[in-house]
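Engineer: sequence isn't available, so here's the structure alone:
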């Protein structure tokens, strides 16, 4: 009998403790118990909570190899930005000349057509091109090929004769370049093509 009474007393004490604890926890609930978060719906249709982490800025010194890479990229980028407008304008004029020369076999008439636009080219570019560096000149020749699908050697040979083209080629050789260089957007000149695309977007040019 005493044991039964003891068990009953323990039961009520235990039940009272639970009620008291529940009451205390309930009193601790506040306005911040429910936090609103973003939700993400998975492809399977489940909705899970999500949040955005703050940006973390990581700084480190570039290795010498990467310093060289970015120096070369910056130099190339600057050269393209300077020379691409010239190549674009020159290419347009040359393409117009070539269109007029189609089916024209008379040498005198061909010279007239060429000379009619040559003055325009000289007036437009003589002063500007003399201020270019040799490196910028190399980039310009590649961009002219990109615009006309002809090397500078071929263009000079067509307009001035291949003897003159050969003479200019010799001069170019002593400056470490060639008038015969072409343009390969998918391989050797991939970096130039990437920069050109950026220039076209920035200035509204169309290929």
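Structural biologist: The structure has been received and is ready for your questions. Only a predicted model underlies this, so the values are computations on that prediction, with no experimental measurement involved.
Engineer: around residue 172, how many other residues sit close by?
Structural biologist: Around residue 172 there are 20 other residues, counting by other Cβ atoms under 10 Å. In short, each C-beta sits where N, CA and C put it, glycine included.
Engineer: next up, the contacts around it.
Structural biologist: Applying Cβ atoms under 8 Å, 6 or more residues apart in numbering, we find residue 172 in contact with 178-179.
Engineer: any idea how far residue 188 is from it?
Structural biologist: As for residue 172, its distance to residue 188 is 18 Å (criterion: Cβ to Cβ, to the nearest Å).
Engineer: again, but for residue 106
Structural biologist: 39 Å.
Engineer: okay, these two: which has more neighbours?
Structural biologist: residue 188 (12 against 8).
Engineer: ok, that one to residue 39 distance?
Structural biologist: For residue 188, the distance to residue 39 - Cβ to Cβ - is 50 Å.
Engineer: likewise for residue 52?
Structural biologist: Counting by Cβ to Cβ, the gap from residue 52 to residue 39 is 13 Å.
Engineer: local confidence estimate at residue 3?
Structural biologist: Looking at residue 3, its pLDDT stands at 54.
Engineer: an error on my part: the question was meant for residue 22.
Structural biologist: Confidence score, pLDDT, at residue 22: 44.
Engineer: what of the one 10 residues further on?
Structural biologist: With respect to pLDDT, residue 32 scores 64.
Engineer: ok, now residue 149?
Structural biologist: 87.
Engineer: cool, and residue 117?
Structural biologist: 76.
Engineer: ok, residue 191 next?
Structural biologist: At residue 191, pLDDT is 93.
Engineer: please apply the same query to residue 195.
Structural biologist: pLDDT, residue 195: 93.
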